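Engineer: Coordinates only, no sequence provided:
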């Protein structure tokens, strides 16, 4: 069974933890100060350290830093008084896995320890992740031919069975909601509800009531009580999209739910306990938000237990053909259009495009092409890319779209000319002001063969 080292100078609290954790199946070692704790660490196989921050002699923060210098992978949970949250945040920065505020319930303590041991096992398994990528991971509706998406799904496989909070990062349109659902469906909560809420889609003054519910008469128009998303997600998963846009007042209540698994409805006094796994997502840099003071540090560390970053589509072009074929089959089935396939030339145009809107933009382009296609095979003339001049941001002098090089922009202009010329390369060369040989060279660079054609 997992072995836990308890470092607590208060003898009664130390004994209470020993007895309770022992009944829960843990092997426990205990010490009254940091020096004795370090000695036990050297002499015994310890899986997790539980320590108070206020200790005689070497304090808990210095104790934590010493542990991390000796074994960076050792999970450490710190205990601190309610009025010392800032110290707990400092401990998280120094490498603590989690913190528990005193006074705490023993049930809460056991949940935190089990979660951290789950995360520890996850991280140990991830050491062999690169080797494991030789295995192909798959999930319905998630296209993952590229190594980057295979790495994402491999992490999903490992984190899903745990109760660890997951923070999904990535640009808009990369498919964070699909990954969140994949985690839920592979978890022990799969039979429970999967509840989704987008904080940017709800007015700021209504977000709190949507998350936590409200009682009758809580505000004008509250003619009946209504449960919030946390109640509806009990025994399941709550996916909170765009977490970076949650207002500060609501961040405080979110932190409490993550710490204590309880809250009150808006206008209510009854405390409601829930068992919910939170998966959060953001397209913002939350570390930048921390520096600007718009996002709480303690909430960030609670959310960022297992971060999963999803690469933009331009960095995983291997996935584009499979995504295109998936969307063609989906849209032709829904609309009854006779489109069955896409030509190699048209596919190459899609593969070479830089996709600022990611998978969502690709889906829209393919849907439009299927709706307007003249035949059963999508041709270059059916592909209408949204090529726009880039917006100049913060006074920058550049004018290329984000994520694009000059060479990529030229390639897209060549493909756009080919589309407007309905695939006629001689006409495309005239549109671009190029010789036929110059166009042939550019087509070969982007993988479109020059097979010859009849002149118009």
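Structural biologist: All right, it came through fine. Treat the numbers as computed from the prediction; the structure is a model and nothing was measured.
Engineer: roughly how far apart are residue 253 and residue 156?
Structural biologist: Residue 253 sits 28 Å away from residue 156, taking Cβ to Cβ, to the nearest Å as the criterion. C-beta: built from backbone N, CA, C; applies to glycine.
Engineer: Who has more neighbours out of those two?
Structural biologist: Comparing residue 253 with residue 156 by other Cβ atoms under 10 Å, the one with more neighbours is residue 156, at 23 against 17.
Engineer: Mind jotting down where the helices sit in the stretch 151-300 of the chain?
Structural biologist: Along the stretch 151-300 of the chain, counting by DSSP state H, counting those that start in this stretch, helices occupy 176-185, 204-212, 229-232, 248-260, 286-292, 297-303.
Engineer: Pull the number of nearby residues for residue 338.
Structural biologist: Using other Cβ under 10 Å, residue 338 has 11 neighbouring residues.
Engineer: tell me the contacts of it?
Structural biologist: By Cβ atoms under 8 Å, 6 or more residues apart in numbering, residue 338 lies in contact with 332, 375-376.
Engineer: could you dump these to CSV with secondary structure and neighbour count?
Structural biologist: Shown next, in CSV, are the contacts of residue 338 (DSSP: H, G, I helix; E, B strand; the rest coil; neighbours: other Cβ atoms under 10 Å):
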residue, secondary structure, neighbour count
332, helix, 17
375, coil, 11
376, coil, 11
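Engineer: need the residues you listed in a markdown table with distance to residue 182 and pLDDT, can you?
Structural biologist: Output for the contacts of residue 338, formatted as a markdown table (distance: Cβ to Cβ, whole Å; pLDDT from 0 to 100):
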| residue | distance to residue 182 | pLDDT |
| --- | --- | --- |
| 332 | 25 | 81 |
| 375 | 36 | 86 |
| 376 | 33 | 90 |
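Engineer: Mind putting those residues into a markdown table with distance to residue 273?
Structural biologist: As requested, those are exported to a markdown table (distance: Cβ to Cβ, whole Å):
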| residue | distance to residue 273 |
| --- | --- |
| 332 | 48 |
| 375 | 60 |
| 376 | 57 |
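Engineer: For residue 410, state which of those residues is nearest.
Structural biologist: Of all the contacts of residue 338, residue 410 sits closest to residue 375, with 29.3 Å by Cβ to Cβ.
Engineer: Go ahead and flag the most central residue of this protein.
Structural biologist: Nearest to the geometric centre of the chain sits residue 168, at 0.7 Å (Cα atoms, centre = their mean).
Engineer: Quick check: beta-bridge partners of that one?
Structural biologist: Counting by DSSP bridges, residue 168 is bridged to residue 281, residue 308.
Engineer: ok, it touching residue 281?
Structural biologist: Yes. Assessed by Cβ atoms under 8 Å, residue 168 is found in contact with residue 281 at 4.1 Å.
Engineer: Between those two, which contacts overlap?
Structural biologist: Shared contacts of residue 168 and residue 281 (Cβ under 8 Å, 6+ apart): 176, 180.
Engineer: Counting neighbours, what do you get for residue 293?
Structural biologist: Should you count by other Cβ under 10 Å, residue 293 turns out to have 9 residues around it.
Engineer: how much space between it and residue 172?
Structural biologist: When distance is defined by Cβ to Cβ, residue 293 is 24 Å away from residue 172.
Engineer: How about residue 429?
Structural biologist: Distance, residue 429 to residue 172, by Cβ to Cβ: 37 Å.
Engineer: Counting neighbours around each, name which of these two comes out higher.
Structural biologist: residue 429 (22 against 13).
Engineer: Can you give the distance from the helix or strand containing that one to the centre of its chain?
Structural biologist: Per DSSP states H and E: residue 429 is located in helix 425-432. Here helix 425-432 shows a centroid-to-chain-centroid distance of 44 Å under the convention Cα atoms, centre = their mean, to the nearest Å.
Engineer: Now do stretch 211-224, average pLDDT.
Structural biologist: Stretch 211-224 shows an average pLDDT of 86 in the prediction.
Engineer: Just the buried positions in it, please.
Structural biologist: Within stretch 211-224, the residues that qualify as buried are 211-215, 218, counting by 16 or more other Cβ atoms under 10 Å.
Engineer: Tell me who's in contact with the residue nearest to residue 66 when sequence neighbours are not counted.
Structural biologist: Counting by Cβ to Cβ, 6 or more residues apart in numbering, residue 66 lies nearest to residue 38, which is 6.5 Å off, once chain neighbours are set aside. For residue 38, the contacting residues are 63, 66-67, by Cβ under 8 Å, 6+ apart.
Engineer: In PyMOL, how would I select the buried members of the residues you listed?
Structural biologist: This is how PyMOL selects the buried members of the contacts of residue 38, with burial counted by 16+ other Cβ under 10 Å:
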select buried, resi 63+66+67
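Engineer: wait, which of the contacts of residue 38 is closest to residue 26?
Structural biologist: Of the contacts of residue 38, the one sitting nearest to residue 26 (Cβ to Cβ) turns out to be residue 67, at 18.4 Å.
Engineer: mind listing what that closest one touches?
Structural biologist: Residue 67 makes contacts with 38, 41, 49, 74, 76, as judged by Cβ under 8 Å, 6+ apart.
Engineer: which residues are in contact with stretch 365-374?
Structural biologist: Under Cβ under 8 Å, 6+ apart, the answer for stretch 365-374 is 324, 327-328, 331-332, 335, 337, 339, 346, 350, 378, 382-386.
Engineer: pLDDT score for residue 393?
Structural biologist: On the pLDDT scale, residue 393 is placed at 40.
Engineer: Grab the nearest non-local neighbour of residue 59.
Structural biologist: residue 53 (6.8 Å).
Engineer: Sweet, I'm off.
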